[in-house]
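I would like to see how this sequence folds:
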Amino acid sequence: MKLIIVESPTKAKTIEKFLGSKYSVLSSFGHTRDLPKSEIGIDFENNLKPKYIIPLKARKIVRALKDKAKKAETIILASDEDREGEAIAWHLIQTLELDKIDKQNGKKKNYQRIAFHEITKTAIEQALKNPREINQDLVDAQQARRILDRIVGYKLSPFLWKKVARKLSAGRVQSIVVRLIADREQEIKDFRPIEYWSIEALLKKQKNIQTKIDGIELITLLVKENDKTISKFDIKDKKQADKILKDLNNSEYKIKSIEKKEVRRSPLPPFTTSTLQQEAWKKLRFPARFTMGVAQKLYEKGFITYHRTDSLNLSKQSLFAVKEFIEKDFGKKYWAGFFRKYKVKARAQEAHEAIRPTLPDKTPDELKAKAKLDNNQYRLYDLIWRRFVACQMAQAIFDSTSIEIEATNTAKKLTDKYIFKANGQMLKFDGFLKVYPIKFKENELPLLEEKEILKLIKLSSLEHFTQPPSRYNEATLIKTLEENGIGRPSTYAPVLSTVQTRNYIEKDEQKKFKPTEIGLIVNDMLVKHFPKIVDIKFTANMEEDLDKIASGEQKWVKVCEAFYKPFEKNLEAKYKEVEKKDVTDEPTNKKCPKCGAPLLIKLGKFGKFYACSKFPKCRYTESLEDKSLKIKCPKCNKGNVVEKRTKKGKIFYACDQFPKCDFALWDKPTGEKCPECGSLLVQKGKKTKCSNKDCVFEKKVAK
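Numbers count the residues shown, from 1 in each chain. As a prediction, this is how the structure comes out:
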């Protein structure tokens, strides 16, 4: 019997379907070894040697794997073929002692490493025929990242506890994420709008005398004055705009030129991890972590290729399969006519293909019916399937028309010449848009001829102001991280989740990220005292070093030591230099209602609050901001309902007379009372519901 070990039980079940009774497939449930949680787990005196242990949750699994491995003639390690997967396989060798000589027969256990990018029968059989050695460079790259993150997390977090507030944390990539969001917030705060104007002429084709049909109107924009292009900000104020309107008074509008051409639009490349996360947010509103969880299920069930990749490669087999599908289902004119190949960035990680369906003829609707995909799996598979099929389809073709209209005022004998412009486009052939729709605007222009005179309907000057930069959302933040070379696409989801869980950032009403008060304070602390930790270029260079370790160009110990030694030296200096009271204590004129001592504005994990200066003798605290909702407590009729937080930071609403009154709600009350039972109504998504669980009253929120 041959034992195949993968990292997840779903993946194990899928692989088992393709293999006969000669194989047994088990799951390691991820890593079987890790750094200990109770200590930093790095020997700084011995080349940063990591101290690995078998976590408590993995011990039962390891025992089962060891028992099965003893009976197996060959152990096949089949974890994913990326740095994390390679490290899982390497740890299994150590955990199961596969590299040790058996005392009974004097031989090492026979083990192999295989890898594949899709869980299909063909891919598994091909991998079994071509086993390989463990790629130690990939293992070292994973170890280096783990050790660097551990150094920052376990060394810098205690500094924040001591100098700012307990239960805070710092991370190598998470700190950059917080800085990006904090910097964007400052840009918005510092933004000053710039005024600019535009001139529009609403023109009309003259009535056709023969058909007595009134002409079609078209909106045109002023683009030139005396052959000089008018840029967006050239008309700076109303005075300038009024002068142009005056010059144009009683002008004649004549067609100067008409340019017609075909415009072709090419399909987007297939998905990588990053672009999948971005598009899933834009189209499906899936957060990055949720997207990766759904993609993991689709991969493990054998429906898509490996979903942690920054490669745009596509296998020949998949290209021939999708060509056949396109020609069969849409017609030969819809295939591109050649296999499209997409360029990948210079240091794409070691995953080998873009994200695609394993078989293009498995349409989303067919798969939903046969494989019983849940709604989220169906929607994400549909997105992946459409993007892949579209990337090998023909271009979309538009008929584009550009018209220039010259405005002249011969009556006033002005030398100024003004040119207005109108652009139109109509879809001629949908091509890839048939499968992967992208927003475009069709604008049909009337049939016009050069030198034709148009009738002016209205001449307008329009005032505009520049807009502040937008806050990041899931898609734009991930795009920025990737563009700056921060982290790896597979790390974006857990990092975004972590900084929200730790209350450094939160989402506003539009689901965009903004920094919390404590997030801004921690960011300011790191920018001032640990600038390299939050330096985008420095962090990007560190990613390049990790890539070089993975390709065998760098040694992991050297890279880690180059970071650790100056970091440790600076940390020691900052422990002496930074005083907590300078960061967290702000004197006030208020007195403690319990003991009469002065109140201070202190800093906690969830922001600022009032606290007695005699702490710990007096433990009085008070909310800094008035979180009262101006709603009378329905239970005691004495207190007010206020916003509070649990120890883990979750917001709830309760009576301010606690512990005398224990009234509390998870959902925000509206202040209205239920017409059915008299309980408070609460906001629940797009509905208003009764807070009484026994009452079924609800109503939709008015738009």
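
any idea where the strands of the stretch 401-550 of the chain begin and end?
For the stretch 401-550 of the chain, strands defined by DSSP state E, counting those that start in this stretch occupy the ranges 418-429, 453-465, 505-507, 513-515.

Please name every helix or strand in contact with the second one.
Yep, that's strand 453-465 we're talking about. If you count contacts as 3 or more CB pairs under 8 Å, 6 or more residues apart in numbering; DSSP states H and E, strand 453-465 packs onto strand 195-205, helix 238-247, strand 252-265. (Glycine included, C-beta is placed from N, CA and C.)

tell me the angle it makes with strand 195-205.
For strand 453-465 against strand 195-205, the angle between stretch directions is 160 degrees (axes from the mean of the first three to the mean of the last three CA atoms, to 10 degrees).

Sheet partners, orientation included, of strand 453-465?
According to DSSP bridges, strand 453-465 forms sheet pairs with strand 195-205 (antiparallel), strand 252-265 (antiparallel).

and Ile114, which of the ones you listed is closest to it?
Between Ile114 and the strands paired with strand 453-465, the shortest separation by CB to CB is 41.4 Å, and it involves strand 252-265.

and the angle for that closest one with strand 418-429?
With the same axes, to 10 degrees as the basis, strand 252-265 and strand 418-429 are set at 30 degrees to each other.

buried sites along strand 252-265?
Burial within strand 252-265, assessed by neighbour count using 16 or more other CB atoms under 10 Å, is assigned to 253, 255-256.

Check stretch 129-149 too.
Using 16+ other CB under 10 Å as the burial criterion, the residues of stretch 129-149 that qualify are 134-135, 137-149.

With stretch 531-545 instead?
For stretch 531-545, burial by neighbour count (16+ other CB under 10 Å) applies to 533-536, 539-540, 542-543, 545.

can I get the CA coordinates of that stretch in CSV?
Once non-C-alpha atoms are left out, stretch 531-545 reads as follows in CSV (Å, rounded to 0.1, in the frame of the first residue of the first chain):
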residue,chain,number,x,y,z
PRO,A,531,10.6,54.0,10.0
LYS,A,532,12.0,51.0,8.2
ILE,A,533,9.2,48.7,9.5
VAL,A,534,6.6,50.9,7.7
ASP,A,535,8.7,51.9,4.8
ILE,A,536,7.1,50.7,1.6
LYS,A,537,10.4,50.5,-0.4
PHE,A,538,12.2,48.7,2.4
THR,A,539,9.4,46.1,2.7
ALA,A,540,9.3,45.6,-1.1
ASN,A,541,13.0,45.0,-1.1
MET,A,542,12.5,42.4,1.6
GLU,A,543,10.0,40.6,-0.7
GLU,A,544,12.6,40.6,-3.4
ASP,A,545,15.1,39.1,-1.0
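
Redo the buried residues of strand 252-265 as TSV? Include pLDDT.
Compiled in TSV, these are given as follows (pLDDT from 0 to 100):
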residue	pLDDT
Tyr253	93
Ile255	94
Lys256	94
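
Okay, now the unreliable bits of the stretch 101-250 of the chain?
Counting by pLDDT under 70, the low-confidence segments of the stretch 101-250 of the chain come to 103-106, 207-215.

at 90 instead, please
In the prediction, the stretch 101-250 of the chain carries residues with pLDDT under 90 at positions 101-109, 163-169, 205-217, 226-227, 249-250.

pull the longest helix from this protein.
With secondary structure taken from DSSP state H, the chain has its longest helix at helix 136-163.

Quick check: phi and psi on Thr220?
The main-chain torsion angles of Thr220 are listed as degrees, to the nearest 10 and equal phi -120, psi 150.

Burial check on Leu268, number of neighbours?
Around Leu268 sit 15 other residues, with neighbours defined as other CB atoms under 10 Å.

Equivalent analysis for the one 10 residues further on, please.
Other residues lying near Gln278 total 23 when counted by other CB under 10 Å.

for it, helix, strand, or coil?
Judged by DSSP: H, G, I helix; E, B strand; the rest coil, the three-state class of Gln278 is helix.

ok, now how distant is the closest residue to it other than its chain neighbours from Glu279?
Closest residue to Gln278 apart from its sequence neighbours, by CB to CB, 6 or more residues apart in numbering: Ala475 at 4.1 Å. Shown here: Ala475 relative to Glu279, a distance of 7 Å by CB to CB, to the nearest Å.

before we move on, what about Lys644?
Note on Lys644: its distance to Glu279, by CB to CB, is 38 Å.

which of those two has more neighbours?
Using other CB under 10 Å, the more surrounded residue of Lys644 and Glu279 is Glu279, with 19 against 16.

correct me, but the more buried one touches Arg387?
Yes: contact status for Glu279 versus Arg387: in contact at 7.4 Å, counting by CB atoms under 8 Å.

Overlap in contacts, these two.
Shared between the contact lists of Glu279 and Arg387 (criterion: CB atoms under 8 Å, 6 or more residues apart in numbering) are residues Phe271.

now Leu276: how far from Ala493?
Applying CB to CB, one obtains 11 Å for the distance of Leu276 from Ala493.

Now do the shared contacts for these two.
When contacts are counted by CB under 8 Å, 6+ apart, Leu276 and Ala493 have Thr291 as shared neighbours.

Which of these two has more residues huddled nearby?
Neighbours were tallied for Leu276 and for Ala493 using other CB under 10 Å; the higher tally belongs to Leu276 (27 against 21).

quick one: the spatially closest residue to the more buried one that is not a sequence neighbour from Ala493, how far?
On the basis of CB to CB, 6+ apart, the spatially nearest residue to Leu276 that is not a chain neighbour turns out to be Ile355, at 5.7 Å. For Ile355, the distance to Ala493 under the criterion CB to CB works out to 14 Å.

so who does the closest residue to Gly424 other than its chain neighbours touch?
When the adjacent residues along the chain are set aside, Gly424 lies closest to Leu445, with 3.7 Å between them (CB to CB, 6+ apart). For Leu445, the contact set (CB under 8 Å, 6+ apart) comprises 216, 218, 401, 403, 422, 424.
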